[in-house]
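# curious how this folds, go ahead:
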Amino acid sequence: MAAVGPRVANSLITTWLAAARAIAAVAEGPLGRARRGSWLVTGRKSYIDWLLRQIDSTTGTTFGFTDTQGKLTFDLSPRQTLRVSLIAGQSVLREVEDQMPDANTLDRAVNSTVIANLQWRFTPSAKFATSQQVYLLTADYRNRVLDGRTREEGGDRDLTWRGSAEWNPRSGHLVEFGAQAQSLYVRRVDRRFTNTTEQLLVDTTGDAWSAAGWAQYRWTPSARISVTPGVRFEHWQLFDQSKASPWLLADFEVRSGMRLRFGTGVQHQSATLDHALGTLPDDALVPERSATIEAGIEQRIGSAWRINVSAYHRQDDDRLRVVNGEIRLENNRVVLPNTAHWDNVLTGDTNGAEIVLERRSISGFNGWLSYAWSDSRVEDIQRHESYPADFDQRHTVNGFVGYRWGGRTSLSARMRYGSNFPIAGYVGQDSISYTLSAERNGIRIPAYARLDFRADRTFTYRKSRLTVFLEIVNATNHENFRLNGFGVNTLTRRVFDPIETTFPLLPVAGVLIEF
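A predicted model of the protein is given here:
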């Protein structure tokens, strides 16, 4: 949990947060005697992994992280601002398998990430502004097994320049445009072990660059209507391909308090370096394509209430799939993965609708309730196979209710429900357990349900402020599940552990100190 103190131009602000699941600190203040800038430094360490082990000693998977952030903002002149930021962190995943661990069982996975960002904004006039940004991201990972050997290791590097500008030639007309250049590099090493031997499966590197430009024009003839056409043109060096992605957005106020919204567009997504490393020789992957149309209506009720209703349709083409990469049944025989590779073999359709009822208030009661329905299916054009998409969730309900007294005390509750995703793969179920199947994504993870409560009280002193809070996560202790890498006995056709439980009831108490 991060805590950020209020920004004050002429004083140093320090914030400490301590809770059973995390400890964090924030310090910020003005920069220089002229106070033309500001600085901020944060640090955070999670103890959620330790807490889960204290609550449930049988927990097999835990996750923890440590990160820090620094940021400088400086006004070079009244029209120019320079921002520099640096984020560094490390996350650790631990898995303990009590049932028959082997030489390849994951014990500890570590990922270290650094993000450096430099941004310059220049506003020469009230009608024109430009922003230039350069950022560098590096990430390195190492996955170890029980005896300390490294099973997977590698890293990623992303160096990107992005520039944008806004031009307002006259009232009701806004032109926005920009460009981007990106350079990517990856390294991948993958090994498999026995108790005495090592097999090197992958040891490769790759690099690629891409460039893009975009522009959109927003026409607002009156406060009641706006129309925004735009287009993005992108070239990917990886497979020497270029695509244009157009869009159109419109917003119309039918009458006071009621607005109609409409949007349509075509989007393209290129294959990644990891996809390219897993293709057949001389095979070229094409960019995935999605065409979307969406419409919605918003009705305000009084000054605090509003209701939104929207619906959408999306058509997907040339989606990627790992061909021959999954164990399955075919003609009542077990088919093992063979020459697995990525290819553009999937098409799909998604239809959905959502309704949101919301109340916004600075004090007193506020909250929202939303329901979303979605139906997403894909079809393999090579195998003539149709099934629900991996992240198809038919029903989703979210609710939040909060009440604040006098700005110092608040109570809130949050509810989440999802009918959940399919178990990705050729998995079926009988009266005994999970089995291998000829149908992909034929059964689903049990429905997800979670209720959280939070209460906090703030005490204000002359130069400091203290907030005490209590949270109860998954207050009903509902047993929720998520996907898990599963094993298969090819003789009995039994599938082992395709899902695993998530965290149980989790009480958290903490203190936030600002001075």
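# which parts of this structure are helices?
Along the chain, the segments classed as helices by DSSP state H run 48-55, 273-277.
# mean pLDDT lowest where, among these?
Confidence, taken as mean pLDDT, is least for helix 48-55 of the helices of the chain (a mean of 67).
# how near is residue 90 to residue 61?
18 Å (CB to CB, to the nearest Å). (Glycine included, C-beta is placed from N, CA and C.)
# and the two? Which one has more around it.
More crowded of residue 90 and residue 61, by other CB atoms under 10 Å: residue 61, with 18 against 15.
# wait, that one touches residue 94, no?
Yes. Using CB atoms under 8 Å as the test, residue 61 is close enough to residue 94 to be in contact (7.1 Å).
# point out where this structure drops to low pLDDT.
For the chain, the stretches with pLDDT under 70 are 1-21, 50-60, 96-100.
# okay, now the domains of it?
Per automatic domain parsing, the structural domains of the chain span 1-78, 390-515.
# quick one: closest of those domains to residue 183.
With CB to CB, the closest approach to residue 183 among the domains of the chain belongs to domain 1-78: 24.2 Å.
# residue 500 bridge partners, please.
residue 482 (DSSP bridges).
# wait, it sits on residue 61?
Yes. Between residue 500 and residue 61 there is a contact at 6.8 Å, judged by CB under 8 Å.
# how about the residue nearest to the spatial centre of the chain, phi and psi?
Nearest residue to the geometric centre of the chain (CA atoms, centre = their mean): residue 391, 13.5 Å. Main-chain torsions, residue 391, degrees, to the nearest 10: phi -110, psi 30.
# list the contacts for residue 230?
176, 214-217, 246-249 (CB atoms under 8 Å, 6 or more residues apart in numbering).
# buried members of those residues into PyMOL, please.
Selecting only the buried entries of the contacts of residue 230 in PyMOL, with 16 or more other CB atoms under 10 Å as the criterion:
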select buried, resi 176+214+216+247+249
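# from the contacts of residue 230, which ones fall inside strands?
176, 214-217, 246-249 (DSSP state E).
# nearest to residue 268, of the residues you listed?
residue 246 (10.6 Å).
# show me which of the contacts of residue 230 is closest to residue 140.
residue 214 (31.7 Å).
# my understanding was that that closest one contacts residue 229; is that so?
No. Using CB under 8 Å, residue 214 makes no contact with residue 229, being 11.8 Å away.
# residue 86 and residue 72, how far apart?
Distance from residue 86 to residue 72, by CB to CB: 9 Å.
# so what's residue 264 bridging to?
Applying DSSP bridges, one finds that residue 264 bridges with residue 248, residue 293.
# isn't it right next to residue 294, touching?
Yes. The pair formed by residue 264 and residue 294 meets the contact definition of CB under 8 Å, at 7.2 Å.
# now render the domains of the chain as JSON lines, adding distance to residue 128.
Below are these laid out as JSON lines (distance: least, CB to CB, whole Å):
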{"stretch": "domain 1-78", "distance to residue 128": "15"}
{"stretch": "domain 390-515", "distance to residue 128": "39"}
